[in-house]
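*Asks:* structural data only, the sequence is not supplied:
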């Protein structure tokens, strides 16, 4: 049982305010020349903002920009897969439809760490082939529609603990069309993650119900649809409070699991949480992706900018590729890193802090207010898309600028 001091420290490390605080601490330290890994050329942020503006206007000429969300990947290849799902769950009431959409979103996001450059997914229905995040999204969508994550044959459109605990390598090999010529990075890690998710869901019936469904978060957070407005950070808080044990990072504070949270000498802070930098990238990506399922059920999520930019390949790669973050070591781009390496933690922290600096520049370029263009739209418009486009211009296949060994759960 954790003591009150540890409980307070863990709670602090699960707050998006702490993500921002620690990432900006690292930015200030790097600006002051205290980093052994990076220099900064902040004067290049304006050029990055113009690049993001150009990509945004090309993608969304009317500047009606949707949220950065897993639901965008379900639209890959101009196929309206949500309509396919809607038709299958039309007989359910609003809350049950919300649970189904939350189930799909959560399972798909958890399967969305890096796929690697050699993997692809062929969709039989459309005849199209998809790679990377879109491929993982489309594959997981079809897995959901086929009942892969449900233990009930009469109710395939759901995720439950019993099915997840029984997931094995063969299931995901079939789902993702994995073969010797079509390898998927981090397959074992994904299997373990889903099994651990199943265990967490079944261990917490007061939150996830007797059957252990992620969609029960809808009932928990809205008090059975009585609450009609909800700060986005509350969704993140619930995910971190109830699902932190699923992550494979092994990072703990007095045996309490921290998930995507890492020690770094420039992090700052005070008390037991000092020295830790929380990111919670997949949990924040999941929160952004849950905005629409809640809205479809008539729940308004507020304070979207309480969340942060996502510290991953595309946003962070954009800042490396456009020379804002400058490695000090000549062999930086040739080395292989892990998520636990100081340089990667620092790069991710700089990404979060620099997106905060980019956001007002991008809004100014597009003549949008913060209310009109929250971070969820800037990422989509946006920094993630620009990161991918610049990567394609610089490297065959559009891979990220740096090499991080992936277990399929952080990157």
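*Replies:* Great, that's in hand. Everything numeric here is computed off the predicted structure, so don't read it as measured data.
*Asks:* how many residues are close by the residue lying closest to residue 128 once chain neighbours are set aside?
*Replies:* Excluding the flanking residues, the one nearest residue 128 by Cβ to Cβ, 6 or more residues apart in numbering is residue 77, at 4.4 Å. All C-beta atoms are positioned from the backbone trio N, CA, C, and that covers glycine. By other Cβ atoms under 10 Å, 13 other residues sit near residue 77.
*Asks:* what secondary structure does residue 77 sit in?
*Replies:* helix (DSSP: H, G, I helix; E, B strand; the rest coil).
*Asks:* surely it meets residue 129?
*Replies:* No. Residue 77 is beyond contact range of residue 129, at 9.0 Å (criterion: Cβ atoms under 8 Å).
*Asks:* overlap of the contact sets of these two?
*Replies:* Common contacts of residue 77 and residue 129, defined by Cβ atoms under 8 Å, 6 or more residues apart in numbering, comprise residue 123.
*Asks:* can you pull the pLDDT of residue 282?
*Replies:* Predicted confidence (pLDDT) for residue 282: 88.
*Asks:* setting aside sequence neighbours, what's the nearest residue to residue 121?
*Replies:* residue 135 (3.9 Å).
*Asks:* name the helices or strands packed onto the host helix or strand of the one you found?
*Replies:* With secondary structure defined by DSSP states H and E, residue 135 is part of helix 132-145. With contacts taken as 3 or more Cβ pairs under 8 Å, 6 or more residues apart in numbering; DSSP states H and E, helix 132-145 sits against helix 70-73, helix 81-89, helix 94-110, strand 120-123, strand 128-131, helix 169-175.
*Asks:* one more time with 7 Å
*Replies:* helix 70-73, helix 94-110, strand 120-123 (3 or more Cβ pairs under 7 Å, 6 or more residues apart in numbering; DSSP states H and E).
*Asks:* so which of the ones you listed gets nearest residue 250?
*Replies:* Nearest to residue 250 among the helices and strands packed on helix 132-145 is helix 94-110 (17.4 Å), distances taken as Cβ to Cβ.
*Asks:* quick check: which helices or strands does the closest one pack against?
*Replies:* Right, helix 94-110 is packed against helix 70-73, helix 132-145, helix 187-202, helix 217-222, helix 281-296 by 3+ Cβ pairs under 7 Å, 6+ apart.
*Asks:* what sits up against stretch 15-26?
*Replies:* With contact meaning Cβ atoms under 7 Å, 6 or more residues apart in numbering, stretch 15-26 is reached by 12, 233, 236, 264, 266-269, 277-280, 306-308, 346, 349-350, 352-353.
*Asks:* just the ones of these in strands?
*Replies:* Secondary structure from DSSP state E places 277, 278 of the contacts of stretch 15-26 in strands.
*Asks:* about what we covered before: what would the helices and strands packed on helix 94-110 look like in JSON lines with distance to residue 51 and mean neighbour count?
*Replies:* Below are those laid out as JSON lines (distance: least, Cβ to Cβ, whole Å; neighbours: other Cβ atoms under 10 Å):
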{"stretch": "helix 70-73", "distance to residue 51": "20", "mean neighbour count": "22"}
{"stretch": "helix 132-145", "distance to residue 51": "20", "mean neighbour count": "22"}
{"stretch": "helix 187-202", "distance to residue 51": "33", "mean neighbour count": "20"}
{"stretch": "helix 217-222", "distance to residue 51": "37", "mean neighbour count": "20"}
{"stretch": "helix 281-296", "distance to residue 51": "22", "mean neighbour count": "23"}
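*Asks:* need those in TSV with distance to residue 16, can you?
*Replies:* Below are those laid out as TSV (distance: least, Cβ to Cβ, whole Å):
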stretch	distance to residue 16
helix 70-73	19
helix 132-145	23
helix 187-202	22
helix 217-222	16
helix 281-296	7
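*Asks:* among those helices, which is nearest residue 42?
*Replies:* helix 281-296 (23.2 Å).
*Asks:* by contact count, what packs against the very next helix or strand once past that closest one?
*Replies:* Per DSSP H and E, helix 281-296 leads on to strand 300-302 as the next helix or strand towards the C-terminus. Using 3+ Cβ pairs under 7 Å, 6+ apart as the contact criterion, the elements in contact with strand 300-302 are strand 229-231, helix 232-243, helix 281-296.
*Asks:* redo the ones you listed as TSV? Include distance to residue 394.
*Replies:* Formatted as TSV, the helices and strands packed on strand 300-302 follow (distance: least, Cβ to Cβ, whole Å):
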stretch	distance to residue 394
strand 229-231	39
helix 232-243	33
helix 281-296	23
